[in-house]
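Student: what shape does this take:
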Amino acid sequence: MKSEITGSQFNILESLMHGVMVTDRKGHIIYCNPSHVKIFGYTKTEAKGMFIKTLYEDTNEKAFNNFYDKLKEEAPVQLNWHGIRKDNSRVWLDIRANIVKTDDGKPDGCVISLHIIEDKKRTRAQLEKNRAFAEAILETSVDAILSISENGEIIRSNAASTDLFGYSKEELTGKSVDVLIPPSFEDYAKMYLDRIKKKNGEKVSEKGLEINAMKKDGTEFPVELSLAEVTWNGQKIFTAIVKDMSKRRELERRIIEVGNEERRSIGRDLHDGLGQMLTGIRLLSENMVSKLRDKNMPEADGVKEIAEMVREADEYARELAHGMVVTELENKGLFKAIDNLCDRTEKTAGLTCTFTKDENLEINDFDIALHIFRIIQEAVNNAVKHSSANTIEIELSSNPHIRLAISDDGDDFDVNEEEFPGSGIQIMNYRAKVLGGHFEISRTDDNRTKVHCDFPTLEKK
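Tutor: As a prediction, this is how the structure comes out:
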C-alpha cells in the first residue's frame, strides 16, 4: 500500500474504542488498532499480513465475494458478520468498510471498522422470541382482544374478535370502536368514556365490566369487558379483552326460570293446600267455640285462642304464598301488578307512590315481567326501609329500548358500596343483567336517589 498512515492519523486510530484495520488491495491486513486486538485476540504482529477472510465465518463464498465486489465499485459497505477469534470463539460484528485511494484517485486498499453487537443480536433475538410468543397467545386466545387508540380507533384485533363480532381483521382495523356498541348502550358508553377522561393521568384499569356489544349483523349480546391502558411511543393505547357471556346468561336465565316456577308451585301449594286446610281448621275451631259456649263450658276460651292462632297462621301462609306468586302479575299483567304495589305501599308506609307508564309498551312474557317487577319491588322496599322517603316515582317507558326508573326523595346512602346491608342491590343488578340490561344507582341533581335500568331487548333468547 503506497499511502502511509500519518502520525496524527495513527494516534486517532490507536485511541478509537471500536476496532479498525487497514488492508491492501488483496485483502491482507497491514494495520490494526488495539481495539481490533481485543476483539480477535491476535497481536498486531500476528494480524499483520493475515487475509481478512480468516477472521470471518461465512460458509457462503458468494457472500464474501459480494463484499469485495461492492468495495471494487467504490461503494461503502455495511453488514453484520460472525467474527472468528484466535481461540475459535465467535462474535457478532457490525462491519463498515470503505476504499482507500492513492493521491491520483486509484484504489489502494480498504479501511474496515468493527463494532461488537453480540448483546444487540441477543436482545433482538429475545425480542423476536417474545414477539412471536405474544403473537401466539394473542391469536390462540378464546377471548376477543382489541387494541384501541386514545381517540377510539381500533388498531388491531385477534382471530377470536373475528369469530365474536363477525368482522374480518381488515374490516375492524381503522374503524371506530363505536361499531361494536349497540345503540341502546350509546349513552352508557359516553358516560363511561367521560369517567375515563376525568381520571387526570391515572391509568385506566377495569375488570369484569358487563355490558352489551353488537355483531356485524346488528345482533346484541352480553359481554364481560376488561380494559387496561398502556403508553406506547408517547401514545395511550387501550387493550380490551372481551368475553362472550351469552351462554352464561342463557344458563342463568334458565336457572332463574326453574327457580321461579318452583316458587310459583310452592306458593300455589301454600295457598291452595295449606291455606285451605288452615281455613278449614279455623272454621271447625270457631264452630266448636260456639257449641262449648252454648253449654257454658270453660274450655270455650281455650278453643277460641286456638282458633285465633290458626287464623294468624292462615294469614301468614297466604302472605308467604302471595310473595312467592305475584297473583295479579299472572292474572292481570305487569302494569296492574305495579299499580297494586303502589297502592299497598301508600297504605302501609303512608307515603306517595306513583307509576307512569308508556301505554304503547307491551311486556307479555311472564318471566321477563317478573324480573322487572322484582327490581321495582326491591327498589320500593329499599326506599321505604332505608331512606325515609316521602315520595316514590316509578317510570317505565320505551325509547326505543325499555327504560325503567325508580326514584325517591329519601336520605342518600353510599351508592358506591359494593353491598348495602339489606338493600338487595346485587340482586337487582343481577336481574337486570339476566335480561341483557344495564343497572345503575345514582343521586340526581334534584337530590333524589334513582335506580335506573335499560333493557336493550325484551325477547327471550
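Student: going by C-alpha atoms from here, please, whenever you check contacts or count neighbours.
Tutor: Will do.
Student: flag the shaky bits of the stretch 1-150 of the chain, pLDDT-wise.
Tutor: Applying pLDDT under 70 to the stretch 1-150 of the chain picks out residues 1-6, 58-65, 68-69, 71-74.
Student: which residues in it form helices?
Tutor: Per DSSP state H, counting those that start in this stretch, the stretch 1-150 of the chain carries helices over the ranges 7-15, 34-40, 44-47, 61-72, 118-140.
Student: got it, and the stretch 351-461 of the chain?
Tutor: Using DSSP H, counting those that start in this stretch, helices in the stretch 351-461 of the chain cover 366-386, 425-434.
Student: now these as CSV including distance to Glu224, mean neighbour count and mean pLDDT?
Tutor: As requested, the helices of the stretch 351-461 of the chain are exported to CSV (distance: least, Cα to Cα, whole Å; neighbours: other Cα atoms under 10 Å; pLDDT from 0 to 100):
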stretch, distance to Glu224, mean neighbour count, mean pLDDT
helix 366-386, 21, 19, 86
helix 425-434, 11, 20, 81
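Student: of all the ones you listed, which lies closest to Lys44?
Tutor: helix 425-434 (79.4 Å; Cα to Cα).
Student: list the contacts of that closest one.
Tutor: Residues outside helix 425-434 that contact it (Cα atoms under 8 Å, 6 or more residues apart in numbering) are 210, 249-250, 252-253, 371-372, 374-375, 378, 419, 438-440, 453, 455.
Student: okay, the angle between it and helix 366-386?
Tutor: Angle of helix 425-434 versus helix 366-386, following axes from the mean of the first three to the mean of the last three Cα atoms, to 10 degrees, is 160 degrees.
Student: output helix 425-434 as PDB, nothing but the C-alphas.
Tutor: The C-alpha trace of helix 425-434 is given here as PDB (Å, rounded to 0.1, in the frame of the first residue of the first chain):
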ATOM      1  CA  ILE A 425     -78.700  -4.100  45.200                       C
ATOM      2  CA  GLN A 426     -76.700  -7.000  44.000                       C
ATOM      3  CA  ILE A 427     -79.900  -9.000  43.300                       C
ATOM      4  CA  MET A 428     -81.400  -6.100  41.300                       C
ATOM      5  CA  ASN A 429     -78.200  -5.700  39.300                       C
ATOM      6  CA  TYR A 430     -78.200  -9.500  38.600                       C
ATOM      7  CA  ARG A 431     -81.800  -9.500  37.400                       C
ATOM      8  CA  ALA A 432     -81.100  -6.600  35.000                       C
ATOM      9  CA  LYS A 433     -78.100  -8.400  33.600                       C
ATOM     10  CA  VAL A 434     -80.000 -11.600  33.100                       C
END
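Student: hang on, the earlier thing: which of the helices of the stretch 351-461 of the chain sits closest to Asp408?
Tutor: helix 366-386 (6.5 Å).
Student: for that closest one, the distance to its chain's centre please.
Tutor: On the basis of Cα atoms, centre = their mean, to the nearest Å, helix 366-386 sits 29 Å off its chain's mean C-alpha point.
Student: same for it, what does it pack against?
Tutor: When contacts are defined as 3 or more Cα pairs under 8 Å, 6 or more residues apart in numbering; DSSP states H and E, helix 366-386 packs onto helix 327-332, helix 334-349, strand 391-398, strand 402-408, helix 425-434.
Student: what residue of this structure is the furthest out?
Tutor: Most distant from the centre of the chain: Lys295, at 79.1 Å, with distances by Cα atoms, centre = their mean.
Student: so what's the backbone phi/psi at that one?
Tutor: phi -100, psi 10 (degrees, to the nearest 10).
Student: for stretch 341-355, list the C-alpha coordinates in PDB.
Tutor: Taking C-alpha atoms only, stretch 341-355 is exported to PDB below (Å, rounded to 0.1, in the frame of the first residue of the first chain):
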ATOM      1  CA  LEU A 341     -97.700  -2.400  44.600                       C
ATOM      2  CA  CYS A 342     -98.100   1.300  44.600                       C
ATOM      3  CA  ASP A 343    -101.500   1.100  46.400                       C
ATOM      4  CA  ARG A 344    -100.200  -1.300  49.100                       C
ATOM      5  CA  THR A 345     -97.100   0.900  49.600                       C
ATOM      6  CA  GLU A 346     -99.100   4.000  50.100                       C
ATOM      7  CA  LYS A 347    -101.400   2.300  52.600                       C
ATOM      8  CA  THR A 348     -98.800   0.500  54.600                       C
ATOM      9  CA  ALA A 349     -96.000   3.100  54.500                       C
ATOM     10  CA  GLY A 350     -98.000   6.300  54.500                       C
ATOM     11  CA  LEU A 351     -96.200   7.900  51.500                       C
ATOM     12  CA  THR A 352     -97.000   8.800  47.900                       C
ATOM     13  CA  CYS A 353     -96.100   6.200  45.300                       C
ATOM     14  CA  THR A 354     -96.900   6.900  41.600                       C
ATOM     15  CA  PHE A 355     -96.400   4.800  38.500                       C
END
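Student: give me the residues contacting that stretch.
Tutor: 338-339, 377, 384, 389-395.
Student: what do you get for stretch 172-189?
Tutor: With Cα under 8 Å, 6+ apart as the test, stretch 172-189 has contacts from 148, 152-157, 165, 211-216, 218, 220, 401, 454-456.
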